[in-house]
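Peer 1: Sequence plus predicted model, see below.
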Amino acid sequence: MIETEGISKSYTSGFLHKQHKTVVRNVSFTIGKGETMGLVGESGSGKTTLGRILLRLEEPTAGAIWFDGTELTALRGRALQKIRPRMQIVFQDPDTALDPRMTAGDSIAEPIRIWQPAGRHDIDNRVAELLELVGLQPELATRHPFELSGGQKQRVALARALALDPEFLVADEPTSALDLSVQAQVLSLLKGVRKACNMTLLFISHDLEVIRWMTDRVAVMRNGEIIEIQDTPDLFSSPKHPYTRQLVSAVREGGMWYGKDRVK
């Protein structure tokens, strides 16, 4: 479904004395159709930038991306716009992802109105279906973000991302801004929705416990580079890179494995 080859991203700052900072370095990997790939690493490792590059929300400095056999990095204009509904993202903070002036229903309906024009009745029915899919009552469609809890806002953001039936979803630290009591509920929901909709998912997190429960394979990122990729059980049982071994050891010592008993 997703394949990258040699993806790099650098930023330039300064006017007279230009400085270059590389945040993603020569990244190559694949994500199979229907697979959940975890991308884990410390803050500043380049995880979010890489996720945005995969969706062409940011342009790579070098390298190529293929989406379902199409070279995404070669697309421009209408060709790129045509493929965008098939790829969506759930951002880290629902407070900044949702327009405070719009109701939950209008936020979810907006991509449908743009990409799949239909009558008001049909759109309202679709919004109600999406709210139910993410575990919310359809009556919440009339509420604004300030009238919703953090967990409810993130569910609305997820419903909006699912509005166009995407094939590939990037979830960028989708629970890190939520209370601990709500995180497990949203993670369980996302896992169930991914399976029900047969989506391909890139799940970005700095939390190995969450990664272990959510993913099929894991890519470990450090200083802009992918230093290890393994199937999730193998990575936790026999990590290869010294940095990965340190991460896994720290979680084990904390005795806080993220298992099914904890996610309801």
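Peer 2: Perfect, thanks for sending it.
Peer 1: So for stretch 220-236, mean pLDDT?
Peer 2: Computed over stretch 220-236, the mean pLDDT rounds to 94.
Peer 1: can you check stretch 157-175 too?
Peer 2: Stretch 157-175 comes out at a mean pLDDT of 92.
Peer 1: To which secondary structure element is the residue nearest the centre of the chain assigned?
Peer 2: Nearest to the geometric centre of the chain sits residue 171, at 1.6 Å (C-alpha atoms, centre = their mean). Per DSSP states H and E, residue 171 falls inside strand 168-172.
Peer 1: Direction included, what does that strand pair up with?
Peer 2: Partner strands for strand 168-172, per DSSP bridges, with pairing direction: strand 87-90 (parallel), strand 200-205 (parallel).
Peer 1: winner for burial among the ones you listed?
Peer 2: strand 200-205 (a mean of 24; mean count of other C-beta atoms under 10 Å). Heads up, the C-betas are built off the backbone N, CA and C, glycines and all.
Peer 1: Any chance you could list what contacts that one?
Peer 2: Residues outside strand 200-205 that contact it (C-beta atoms under 8 Å, 6 or more residues apart in numbering): 1-2, 31-40, 47-48, 51, 54, 167-173, 176, 190, 194, 210-211, 214-215.
Peer 1: which is the next helix or strand following that strand?
Peer 2: Toward the C-terminus from strand 200-205 - assigned by DSSP H and E - lies helix 208-214.
Peer 1: Next, the angle strand 200-205 makes with the top helix by length along the chain.
Peer 2: Longest helix in the chain, counting residues (DSSP state H): helix 180-197. Per axes from the mean of the first three to the mean of the last three C-alpha atoms, to 10 degrees, the angle that helix 180-197 makes with strand 200-205 is 160 degrees.
Peer 1: hmm, who's touching helix 180-197?
Peer 2: By C-beta under 8 Å, 6+ apart, helix 180-197 touches 36, 90, 133-135, 149-151, 154-155, 158, 162, 165, 169, 171, 174-175, 178, 199, 201, 210, 213-214, 262-264.
Peer 1: Likewise for stretch 244-254?
Peer 2: Contacts of stretch 244-254 (C-beta under 8 Å, 6+ apart): 40, 208-209, 220, 227-228, 235-236, 239, 257.
Peer 1: quick one on the thing from earlier: can you list contacts of the strand holding residue 171?
Peer 2: Residues from elsewhere that reach strand 168-172 (C-beta under 8 Å, 6+ apart): 1-2, 31, 47-48, 51-52, 54-55, 67, 86-92, 161-162, 190, 194, 199-204.
Peer 1: are any of the contacts of strand 200-205 buried, and which?
Peer 2: Using 16 or more other C-beta atoms under 10 Å as the burial test, those include 1-2, 31, 35-40, 47-48, 51, 54, 167-173, 190, 194, 210-211, 214-215 as buried.
Peer 1: Which of the contacts of helix 180-197 are buried, as a PyMOL select command?
Peer 2: Buried residues among the contacts of helix 180-197 (16+ other C-beta under 10 Å), as a PyMOL selection:
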select buried, resi 36+90+133+134+135+150+151+154+155+158+162+169+171+174+175+178+199+201+210+213+214+263
